[in-house]
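Peer 1: kindly return the folded structure for what I paste below:
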Amino acid sequence: MTSSSPASRKALSKIACNRLQKELVEWQVNPPSGFKLKLTDNLQRWVIEVNGAPGTLYADESYQLQVDFPEHYPMEAPQVIFIPPAPLHPHIYSNGHICLDILYDSWSPAMTVSSICISILSMLSSSTVKQLPADNDRYVKNCRGRSPKETRWWFHDDTV
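Peer 2: Numbering: from 1, shown residues only. So this is what the prediction gives:
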């Protein structure tokens, strides 16, 4: 699906393992509303079910996020994509890539998987239209399975 297949990723550092184990425990004690972690034995890849918030365009809809953690998490942002079919949204491409600044340029090691999930749900909830990004076909064609972290994103729309 992406260039971060399990075989091509480097193993997590000790710092990353400790941080993720801490986040996993926190998630189990206090999961963010609207999300469900699908437990696996792979600490480096989390699959999270997202439920659309009530009263929004995505109410009663369910999607899956795939979160792949790099060797140096949290100093480096995880790769977060929707597992297709992705929601129809002006900032989510049909291949699951998400145009959201905190996943790239605005990443901070203080962010957690929970805070990422809440930001994605907020982005979904604030949308007033269900539509693909205007450049979806061109982007998906040119992307050809590459990681969204290899994209040079242009963050210019705060309306959704």
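Peer 1: can you find the helix or strand in the protein with the smallest mean pLDDT?
Peer 2: helix 136-143 (a mean of 86; mean pLDDT, DSSP states H and E).
Peer 1: summarise which helices and strands the longest helix along the chain is packed against.
Peer 2: When the chain is parsed with DSSP state H, its longest helix is helix 14-29. Counting by 3 or more C-beta pairs under 8 Å, 6 or more residues apart in numbering; DSSP states H and E, the packing neighbours recorded for helix 14-29 are strand 35-38, helix 113-126. C-beta here means a position set from N, CA and C on the backbone, and glycine is covered the same way.
Peer 1: give the rounded mean pLDDT of it.
Peer 2: Averaging pLDDT along helix 14-29 yields 96.
Peer 1: buried stuff in that helix?
Peer 2: 16, 19-20, 23, 27 (16 or more other C-beta atoms under 10 Å).
Peer 1: can I get the least confident helix or strand of the chain in CSV, CA atoms only?
Peer 2: Extracted C-alpha coordinates of helix 136-143, given in CSV (Å, rounded to 0.1, in the frame of the first residue of the first chain):
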residue,chain,number,x,y,z
ASN,A,136,-7.6,14.0,-6.2
ASP,A,137,-7.2,12.2,-9.5
ARG,A,138,-3.9,13.9,-10.4
TYR,A,139,-2.5,13.4,-6.9
VAL,A,140,-3.4,9.7,-6.6
LYS,A,141,-2.0,9.0,-10.1
ASN,A,142,1.3,10.8,-9.3
CYS,A,143,1.5,9.3,-5.8
